[in-house]
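K.L.:
Sharing a model prediction with you, sequence too.
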Amino acid sequence: MNVWKLVSAGKLEHLETENPVREEGKVRVRVTKVLVNGTDSAIFRGDLKVKYPLIPGRYAVGLVAEDGVPHLPKGTRLLLHSVIDAPDTGTKVKNFDEDDFLLCGRTTDGYMRDLISISPDQFTVLPDSLHDENALLMHHVALAKAAVDKLGAVKGQHIAVIGANLLGIFLCQLLIYQQAAPILIDADPERLEFARSCGVYYTIPAGDDNLLQKVASITGGRLVSGAVYITAALRNDVNTAFSLCAQSANVVLCGFGDGVTISASVPFRKQLAFYCVSHRSDNLESAINLAVRGAVDVSAFRFRNVKAEDSAGLLEIYRSSSERKLGEINLVTLY
């Protein structure tokens, strides 16, 4: 089978290896498409510390590759989980510095390979009504839903969302679906303009000197009932989420928390409750149901497909933001 492996920073090699052996209780899957994002590029460049060699690719879809699997005919479409449970250490003393889960393409091998054998708890069957391109975004939708659930937002409440990346836009769309009113804030005016094309009504530049007054003009003179800060949306201050919230509001920090510095004085003064929500794979069926019902809209996004042999060049594009097109989602086609 074909495998694409990072052997060192900036060096992606194509290898031909034996097909994975058949294992009891596992399903052989042919990987068809892999989504490539900024984290994959940071790993490729060596900006994020990983153990080489490493097969990249966190988000992927595939097909059941052979007959004989109960209730899963050959050709069944699958969404492969980006987060999987770490192996059980058994009687070995656990290292509590390590996570209880592994991130595909970061802390364990990802999906840039033709075939893989995985357990049934590492994939979710896709409905015919959800295209592969949309399915590759379901982990983002699942994370957005987890953040919305933590907020406890109800109809009519105003919620500040700090960060107008893909995840921030999905968060706003889910809040609108629940009849709440998100206010999207970001340091990049172009991102806010694109978010408006995705149906987000209220947007404010993060650097606006009259940020509080503009929020108050939207809410009718009040602060927001809750806030979400997207950790991967760069150049936005996490403390903005706290300053915009009313007393005793919920604040959700959404992402991996890399490089986030919090000032605790405002949360203490306002008695805010804040939660940390990170990527998991236990919310995907709900995310798929929301997508099928139209709770999220990706029509404004453009999907760009490249062949596997061009994936190194695709990862290189992320070095320069000027080479990346706003709203473009990059996919590698393996099959």
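P.N.:
Everything's here; your move.

K.L.:
Any regions of this structure where pLDDT drops low?
P.N.:
Scanning the chain for pLDDT under 70 picks out the ranges 88-99, 257-258, 317-325.

K.L.:
Now do residue 300 against residue 198, distance only.
P.N.:
According to C-beta to C-beta, to the nearest Å, residue 300 and residue 198 sit 5 Å apart. Where you see a C-beta, it was placed from the backbone N, CA and C, and this is true even at glycine.

K.L.:
Which one's more surrounded, those two?
P.N.:
The neighbour comparison of residue 300 against residue 198 (other C-beta atoms under 10 Å) goes to residue 198, with 20 against 14.

K.L.:
who's in contact with the more buried one?
P.N.:
169, 172, 173, 297, 300 (C-beta atoms under 8 Å, 6 or more residues apart in numbering).

K.L.:
in what helix or strand does the first one lie?
P.N.:
In this structure, residue 169 sits in helix 166-177 according to DSSP states H and E.

K.L.:
What segments of the protein are helices?
P.N.:
Using DSSP state H, the helices of the chain run over 38-45, 132-135, 138-151, 166-177, 189-197, 211-219, 239-243, 265-270, 284-292, 311-317.

K.L.:
okay if I get these as a markdown table plus mean neighbour count?
P.N.:
A markdown table is the format used below for these (neighbours: other C-beta atoms under 10 Å):
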| stretch | mean neighbour count |
| --- | --- |
| helix 38-45 | 20 |
| helix 132-135 | 20 |
| helix 138-151 | 24 |
| helix 166-177 | 25 |
| helix 189-197 | 16 |
| helix 211-219 | 16 |
| helix 239-243 | 21 |
| helix 265-270 | 14 |
| helix 284-292 | 19 |
| helix 311-317 | 18 |
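
K.L.:
what two of the contacts of residue 198 are the furthest from one another?
P.N.:
The span of the contacts of residue 198, defined through C-beta to C-beta, is set by 172 and 300 at 12.6 Å.

K.L.:
do you know how far the residue nearest the centre of the chain is from residue 58?
P.N.:
With distances taken as C-alpha atoms, centre = their mean, residue 140 lies nearest the centre of the chain, 3.6 Å away. Between residue 140 and residue 58 the distance, using C-beta to C-beta, works out to 11 Å.

K.L.:
Go ahead and confirm residue 151 touches residue 250.
P.N.:
Yes: when contacts are counted by C-beta atoms under 8 Å, residue 151 is listed as touching residue 250 (5.2 Å).

K.L.:
what's the domain layout of this structure?
P.N.:
2-137+299-333, 140-277 (automatic domain parsing).

K.L.:
the strands in the stretch 201-335 of the chain, which residues?
P.N.:
202-205, 224-230, 245-254, 273-277, 302-307, 328-333 (DSSP state E, counting those that start in this stretch).

K.L.:
got JSON lines for these, with distance to residue 178 and mean neighbour count too?
P.N.:
Output for the strands of the stretch 201-335 of the chain, formatted as JSON lines (distance: least, C-beta to C-beta, whole Å; neighbours: other C-beta atoms under 10 Å):
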{"stretch": "strand 202-205", "distance to residue 178": "15", "mean neighbour count": "19"}
{"stretch": "strand 224-230", "distance to residue 178": "12", "mean neighbour count": "27"}
{"stretch": "strand 245-254", "distance to residue 178": "14", "mean neighbour count": "20"}
{"stretch": "strand 273-277", "distance to residue 178": "16", "mean neighbour count": "16"}
{"stretch": "strand 302-307", "distance to residue 178": "27", "mean neighbour count": "13"}
{"stretch": "strand 328-333", "distance to residue 178": "25", "mean neighbour count": "19"}
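
K.L.:
Need these in TSV (columns: distance to residue 19).
P.N.:
Below are those laid out as TSV (distance: least, C-beta to C-beta, whole Å):
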stretch	distance to residue 19
strand 202-205	50
strand 224-230	40
strand 245-254	38
strand 273-277	38
strand 302-307	21
strand 328-333	20
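
K.L.:
Looking at those, which is nearest to residue 112?
P.N.:
That would be strand 328-333 among the strands of the stretch 201-335 of the chain, by C-beta to C-beta, at 7.1 Å.

K.L.:
Name every sheet partner of the closest one and say whether each one runs parallel or antiparallel.
P.N.:
strand 27-36 (antiparallel), strand 302-307 (parallel) (DSSP bridges).

K.L.:
quick one: contacts for residue 27?
P.N.:
Contacts of residue 27 by C-beta under 8 Å, 6+ apart are 64, 69, 72, 117, 118, 119, 120, 123.

K.L.:
These in strands, which ones?
P.N.:
64, 117, 118, 123 (DSSP state E).

K.L.:
Neighbour-wise, which one of those residues leads?
P.N.:
residue 123 (24 neighbours).

K.L.:
Once you drop chain neighbours, what's closest to that residue?
P.N.:
residue 78 (4.3 Å; C-beta to C-beta, 6 or more residues apart in numbering).
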